[in-house]
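Asks: Please find the sequence and the predicted model below.
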Amino acid sequence: MGRTSLKEPRQKEIVKAFYKLSKKEGLENASIAKVAELMGVSPGLIMHYFKTREHLLYALVEFILDKYLIIFKVPEQADGNCRNQLVTVIDNLFSNKWNALFDDGVSYSCYALVFRDKTIKSKYKDVLDQLRNTLEGLIVQCVAEKRITCANPAAIADMIFVLVDGAYYYLSLTSSKEEYAKRLQLYKRYALDLLHL
C-alpha cells in the first residue's frame, strides 16, 4: 500500500498563499521567500514544488483563469431553459459575482505579462477563447430552440466579452460604488440588447 501523494494539495496551498501575498503586496513584490514566510515553511519546500518563481507564476495564472470558468455555472432553477441560462450568465458577467472571483490588481498584473511571456499569453488566450466559445454555444442553443434571434452568435459572444473586458478595466478606476453599480447595469443592458433580450 503506497502513500497518498500530497503534491497536488500542497501545490494548491502554495498557489493560494502566493495569490494572497500578491493581493497584499503586489505581484511584483511577491517572492518565494515571502510565500514561505507567510506559510511558515522553508523556501526549500516551496521550491520542491515550484522550481522557480516563473513556475509558481504560471500556476497562479492558471488559478486565476480557472476562476473565470465558474461564471458559467448556473443555479438549478435556470437549468433546462437555455434562455434562462443565458440571462443568468449575462447577470453573472455583469455582477459582483464576476468581480469577486479574483483580485483585479493581481489579475491585471498577471495579464500585463502576456506582453512579455508567450506561455502566459497562450494560457490567457486559451481560456478567454473557451469563455467566448461557451457563450457562443449557449447563444446557438437558444437560437436553435427559437428562444432568441441572433444572426451571428460568434460575433455577439465576442462583443459581449469586449463589453465585459472594457467595463471592468474602466470600472477599476471608479471610486464611487454608486457610479460603479450604475455603469455596470448600463453595460449589462447593452449586452442584453445585443441578444434582443
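Replies: Here it is on my side, so go on. Residues are numbered from 1 along each chain as shown.
Asks: alpha carbons only for contacts and neighbour counts from here, please
Replies: Will do.
Asks: residues contacting the residue most central in space within the chain?
Replies: Relative to the mean C-alpha position of the chain, the nearest C-alpha, by Cα atoms, centre = their mean, is the one of Tyr68, at 2.7 Å. Residues in contact with Tyr68, defined by Cα atoms under 8 Å, 6 or more residues apart in numbering, are 98, 101, 131.
Asks: So which elements touch the one helix or strand the first one maps to?
Replies: Element membership of Trp98 [criterion: DSSP states H and E] is helix 96-99. For helix 96-99, there is no helix or strand it packs on, judged by 3 or more Cα pairs under 8 Å, 6 or more residues apart in numbering; DSSP states H and E.
Asks: Tell me which residues are up against it.
Replies: Contacts to helix 96-99, defined as Cα under 8 Å, 6+ apart, come from residues 68, 71, 92, 168.
Asks: Stretch 139-159 too?
Replies: By Cα under 8 Å, 6+ apart, stretch 139-159 touches 82-83, 86, 132-133, 135-137, 194-197.
Asks: Val35 touches Leu21, doesn't it?
Replies: Yes: between Val35 and Leu21 there is a contact under Cα atoms under 8 Å: 6.8 Å.
Asks: Between the two, which has more neighbouring residues?
Replies: Each of Val35 and Leu21 has its neighbours counted (other Cα atoms under 10 Å); Val35 has more, 23 against 19.
Asks: For the closest residue to that one other than its chain neighbours, list the residues it contacts.
Replies: Closest residue to Val35 apart from its sequence neighbours, by Cα to Cα, 6 or more residues apart in numbering: Phe18 at 5.7 Å. Residues counted as contacts of Phe18 (Cα under 8 Å, 6+ apart) are 30, 35, 60.
Asks: Now do the same for Phe18: helix, strand or coil?
Replies: helix (DSSP: H, G, I helix; E, B strand; the rest coil).
Asks: And the protein, what are its domain boundaries?
Replies: 7-51, 62-194 (automatic domain parsing).
Asks: Output the ones you listed in TSV, with mean pLDDT appended to each entry.
Replies: Shown next, in TSV, are the domains of the chain (pLDDT from 0 to 100):
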stretch	mean pLDDT
domain 7-51	95
domain 62-194	90
